[in-house]
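Enquirer: Provide a 3D model corresponding to the input given below.
(one chain, ligands or ions: 1)
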Amino acid sequence: MIERLKEIRAAAEEKIMNASDLDSLREVKVKTLGRKGEITVLLRGLKDLAADERAETGKVGNEIKQALEQLIEEKIAEIKQREMETKLAREKIDISLPGTLIQSGSLHPLSRVANEIKDIFIGMGFSIAEGPEIEYDYYNFEALNIPKDHPARDMQDSFYISDDILLRTHTSPMQVRVMEKTAPQTPVKIIVPGKVYRRDDDATHSPMFHQVEGLVIDESITFGHLKGTLLAFAERIFEQELQVRYRPSFFPFTEPSAEMDISCVNCKGKGCRVCSYSGWLEILGAGMVNPKVLENGGYDPEKVTGFAFGLGIERIAMLKYGINDLRLFYDNDKRFLAQF
Ligand code: PHE
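Expert: Sure thing, here's the model as predicted:
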């Protein structure tokens, strides 16, 4: 039996040494050492041998089994190592190659400017209020001291949905909506960013555009507060020192009313194409809240005063980034949007 064991060992060793992959190794293992393997089957015959012969043969059999197992393990390790090496040789990674660029989107320029405007006012203690884009005639006009048939309605050609419901033409309706909620508490210090709609369509007007309304109400609020707040805002949004001037204007909901101009952000007031050679840029409308509007909102104009302003986000963004056509904001042309 020992002879037979040695033969099996020799044959197995040869197969193991010649094996070139893991599958053929597994095959050898099953055929010789498995439950029905040659050696296993052979050693079952031990019980028929004489005692001394049995011990000797058993010992040899075990040694051969162990030797073959070890040989197979070594060969497996060797093959795995070789597979790894060929894989590495084939899949060379050059870490100095440029990577694949992942295209990521970015905020729309109007969102960026709106966020900056919000941040600046939040920094000055304002909170943000938002209101409906579909608005009652009452809040859009009447509560703001613009009665039916008032010529001031012509300044804001409107999209009507029914006789008394329209797309809001400005963010000012939120003045009275906010007052109704907070009166008679003070102070009120809010901004209202949002979409507004007018029947206008050209290089500087779009039927939908964005405004930010501002409203401050407290005891003893003066035009000085309005000027200080808006100068601080303008210098921060345009990131430069500015001159400002106020021209008398008219809004039925403020009294007195004014347009605020800033020294041209492009030429610093010397005169250029951007400011039509005037040195000034109109950037917003503002004024002291009309006592009638305070009353409509539930405040006592004998006790409190307020200021309000409204600015166009598109206008600020155009000046900030030197954009000369408003329609670029809505064309969704990636060549334009990718610049921000
Ligand atoms: N609502 C005005 C407009 O859209 C702007 C404005 C707001 C003026 C608040 C004064 C006070 O033209």
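
Enquirer: avg pLDDT for stretch 288-298?
Expert: The average pLDDT within stretch 288-298 is 98.

Enquirer: what are the C-alpha coordinates of it, in PDB please?
Expert: This file holds the C-alpha atoms of stretch 288-298, laid out as PDB (Å, rounded to 0.1, in the frame of the first residue of the first chain):
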ATOM      1  CA  MET A 288     -42.000 107.500   3.700                       C
ATOM      2  CA  VAL A 289     -45.000 105.200   4.100                       C
ATOM      3  CA  ASN A 290     -48.200 107.200   3.300                       C
ATOM      4  CA  PRO A 291     -50.300 107.700   6.500                       C
ATOM      5  CA  LYS A 292     -53.300 106.300   4.600                       C
ATOM      6  CA  VAL A 293     -51.400 103.100   4.000                       C
ATOM      7  CA  LEU A 294     -50.400 102.800   7.600                       C
ATOM      8  CA  GLU A 295     -54.000 103.200   8.500                       C
ATOM      9  CA  ASN A 296     -55.100 100.500   6.000                       C
ATOM     10  CA  GLY A 297     -52.600  98.200   7.600                       C
ATOM     11  CA  GLY A 298     -53.900  98.900  11.100                       C
END
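
Enquirer: Indicate whether that stretch makes contact with the ligand.
Expert: No. Judged by CB under 6 Å from any ligand atom, stretch 288-298 makes no contact with the ligand; its nearest approach is 8.0 Å. Heads up, the C-betas are built off the backbone N, CA and C, glycines and all.

Enquirer: quick one: buried residues of the strand or helix carrying residue 335?
Expert: Per DSSP states H and E: residue 335 is located in helix 334-337. For helix 334-337, a neighbour-count test (16 or more other CB atoms under 10 Å) marks residue 337 as buried.

Enquirer: now stretch 262-279
Expert: The neighbour-count check on stretch 262-279 (16+ other CB under 10 Å) flags 262, 263, 264, 265, 269, 274, 275, 279 as buried.

Enquirer: Not counting residues beside it along the chain, what's closest to the first one?
Expert: Put plainly, it is residue 262. Distances taken as CB to CB, 6 or more residues apart in numbering put residue 242 closest to residue 262, at 4.7 Å, once the chain neighbours are dropped.

Enquirer: is it true that the one you found touches residue 234?
Expert: Yes. With contact defined as CB atoms under 8 Å, residue 242 reaches residue 234; the gap is 5.4 Å.

Enquirer: For these two, indicate the residue with more neighbours.
Expert: residue 234 (25 against 18; other CB atoms under 10 Å).

Enquirer: what's near enough to touch that one?
Expert: 242, 244, 260, 262, 283 (CB atoms under 8 Å, 6 or more residues apart in numbering).
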